[in-house]
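S.K.: Fold the stuff below for me.
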Amino acid sequence: MKTLRVVLLLIGFTILGALTSVTKAQTAAGAGSSSSNALSPLLSPSHAQLDLIYRRPTERAKLRNYFFDTFGPYPIVGAAILGGINQAYKTPPEWGQGMSAYGERVGSDFGIAMVTTTTRYALAEVFREDTLYYRCECRGVAPRLGHALISTVTARRGEDGHRVLSFSALVAPYAGSMAAVYGWYPNRYGVKDGFRMGNYTLLAFAGINIAREFGHGGAGRLMGHFSHSGATETEAATGP
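M.R.: The predicted structure is shown next:
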């Protein structure tokens with residue numbers, strides 16, 4: 001039953017990631033690149049291409065991305081989906097059933113997402129990391145899959161955008177789950193539960209990145225004309 005629940009969570013987040021890649025027209029698509037420096041050997045060297053025109057997104061672009069990722073439609077839809085899954089599995093059981101319990105679970109999941117996103121963006125500012133997602137300019141399923149997975153725990157740093165292990169990306173999922181455990185979950189929940197929930201969130205981020213990597217195109221380019229997200233700002237920041 002636990003395995004099925006994890007699969008459902010991943011499917012839900014992957015669908016949301018695919019939708020996000022459609023309407024956000026891919027964050028900084030004009031500056032997309034493959035992994036570089038010490039992490040680049042994890043991708044296929046025969047297909048990977050270095051990004052030679054990377055430019056850091058503007059503060060305005062990052063701020064708009066933050067508000068979209070925190071208070072936009074997808075965190076709300078995601079919380080509604082996760083609330084339904086938690087309602088079906090009666091998690092936490094102390095909250096019972098019914099619409100009131102469902103609302104409590106939706107609010108809880110939205111709160112976790114809000115803390116997670118805020119932590120990621122805040123720490124990225126402190127450590128001067130660019131945590132926006134950039135599609136790989138490589139070819140082939142394996143290199144692109146590797147790029148999506150690597151991007152889950154890495155970020156860009158410096159004017160050249162070299163890739164580094166991201167402290168903000170690693171900490172944020174657990175900040176959200178720990179906030180729930182010690183903030184509004186029943187008292188019987190503890191650090192182990194927070195760590196377990198954080199693992200689920202990290203896996204969900206991987207699913208979202210995979211959806212962004214492979215789901216952008218066709219309808220995504222069409223819908224991109226109607227996007228109002230920070231991705232458009234970021235593309236402008238990268239120049240023509």
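S.K.: For this protein, which segments count as helices?
M.R.: In the chain, the helices defined using DSSP state H lie at 2-23, 59-71, 73-88, 99-126, 141-153, 167-183, 191-215, 219-223, 230-237.
S.K.: any chance of the ones you listed in a markdown table, plus distance to Ile53 and mean neighbour count?
M.R.: Bear in mind the C-beta positions are built from the backbone N, C-alpha and C, glycine included. As requested, those are exported to a markdown table (distance: least, Cβ to Cβ, whole Å; neighbours: other Cβ atoms under 10 Å):
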| stretch | distance to Ile53 | mean neighbour count |
| --- | --- | --- |
| helix 2-23 | 22 | 18 |
| helix 59-71 | 16 | 18 |
| helix 73-88 | 29 | 18 |
| helix 99-126 | 22 | 18 |
| helix 141-153 | 18 | 19 |
| helix 167-183 | 24 | 20 |
| helix 191-215 | 20 | 19 |
| helix 219-223 | 21 | 14 |
| helix 230-237 | 12 | 22 |
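S.K.: Now tabulate those in a markdown table and tack on mean pLDDT.
M.R.: Output for the helices of the chain, formatted as a markdown table (pLDDT from 0 to 100):
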| stretch | mean pLDDT |
| --- | --- |
| helix 2-23 | 44 |
| helix 59-71 | 93 |
| helix 73-88 | 92 |
| helix 99-126 | 95 |
| helix 141-153 | 94 |
| helix 167-183 | 96 |
| helix 191-215 | 92 |
| helix 219-223 | 34 |
| helix 230-237 | 32 |
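S.K.: who wins for proximity to Asp160 among those helices?
M.R.: Closest approach to Asp160 among these is made by helix 230-237 (15.4 Å; Cβ to Cβ).
S.K.: Any idea how many residues pack against the closest residue to Ser166 other than its chain neighbours?
M.R.: Spatially, and ignoring its direct neighbours in sequence, Ser166 is nearest to Ala155 (3.7 Å; Cβ to Cβ, 6 or more residues apart in numbering). Look at Ala155: counted by other Cβ atoms under 10 Å, it has 24 neighbours.
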